[in-house]
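Asker: structure for this input, please:
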Amino acid sequence: MTMAAHNGFLERNGVQAKLLTALRQLSVLQPEDPITFLCTHFESLVTPASEPSQACVELLRDADAINPEQLDSAVYKAFRMLQGTNITSDVLAGRVEGVAVNTILTELCVNLDPVLSASLLGKLKVSPEALHSFPTFSSILTPRLKLQAYLKMARQVFESIDVHQTGSIQGEMGEELLSRLNGSIASTSAEMNAAVVMSPSDVTTILQRSGPSSGGTMTLTEFKTAAGQIFINHIPMRV
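Answerer: The predicted structure follows:
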């Protein structure tokens, strides 16, 4: 087979364009693991197009929000899936419909505490009629995924103090609980730490909302709701 025939085959099947797009995005984003990035990119090109929103939800639910590389890769792949399998343009220049973004966000909030769900949706939902870029897509869904990891850490810390599994702790243990949670957060990635570590004023707010400072008890649900709201309050406002 001649070189012209080889080139013709590549051109007819859009291979050259897809390779150039992948390399361009690799150069712009410069991920720590280029091979994993390229694998994720090409996997997104062959994902079935049926029900892309649901496929995105399933992908994002399995993402490890503590691992920045895995989280970024999952969000990137979800964006590509939502764009469609025939996209050849640069993902950074691409757009997805706001209604689809809101659908994914809402579905990811189904199992969240109703108070936190309403607060998060109120802060992150976008205009359904508009088209949104990858940075916007990431800024909406990444906080939701990090919140899930944060609440998981909150549960683990709570259970480490509630050794008898009563479902509540005494008021005097409130500050110890929050100190342990901050320590747990600090041991994770820098991105997670910067996003959710609590200040002294945050600690005071949680203690006041949950009532332990008055000598009462704090339940796991109360603690997770109060701490989750602090997390949501720290999510930067989109402009």
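
Asker: D64 is in contact with L71, isn't it?
Answerer: Yes - if you go by CB atoms under 8 Å, D64 and L71 touch, sitting 6.5 Å apart. Where you see a C-beta, it was placed from the backbone N, CA and C, and this is true even at glycine.

Asker: give the other helices and strands that the longest helix anywhere in the chain contacts.
Answerer: Longest helix in the chain by number of residues (criterion: DSSP state H): helix 134-161. Counting contacts by 3 or more CB pairs under 8 Å, 6 or more residues apart in numbering; DSSP states H and E, helix 134-161 packs against helix 68-83, helix 98-108, helix 114-124, helix 174-186, helix 190-196, helix 220-233.

Asker: tell me the domain ranges of this structure?
Answerer: 3-147, 148-233 (automatic domain parsing).

Asker: so Q16, which of the three states?
Answerer: When classified by DSSP: H, G, I helix; E, B strand; the rest coil, Q16 comes out as helix.

Asker: distance of it from C39?
Answerer: 19 Å (CB to CB, to the nearest Å).

Asker: do C109 as well
Answerer: 29 Å.

Asker: looking at these two, which has the bigger crowd around it?
Answerer: C109 (20 against 13; other CB atoms under 10 Å).

Asker: show me what contacts the more buried one?
Answerer: 117, 120-121, 144 (CB atoms under 8 Å, 6 or more residues apart in numbering).

Asker: one more pass at 6 Å, please.
Answerer: S117 (CB atoms under 6 Å, 6 or more residues apart in numbering).

Asker: that one and A78: what is the separation?
Answerer: For C109 relative to A78 (CB to CB), the value is 16 Å.

Asker: cool, G122 as well?
Answerer: From G122 to A78 the distance is 22 Å (CB to CB).

Asker: then V126?
Answerer: The value you get for V126 to A78, if CB to CB is used, is 15 Å.

Asker: among the two, which residue is more densely surrounded?
Answerer: Neighbours were counted for V126 and for A78 using other CB under 10 Å; A78 has more, 27 against 19.
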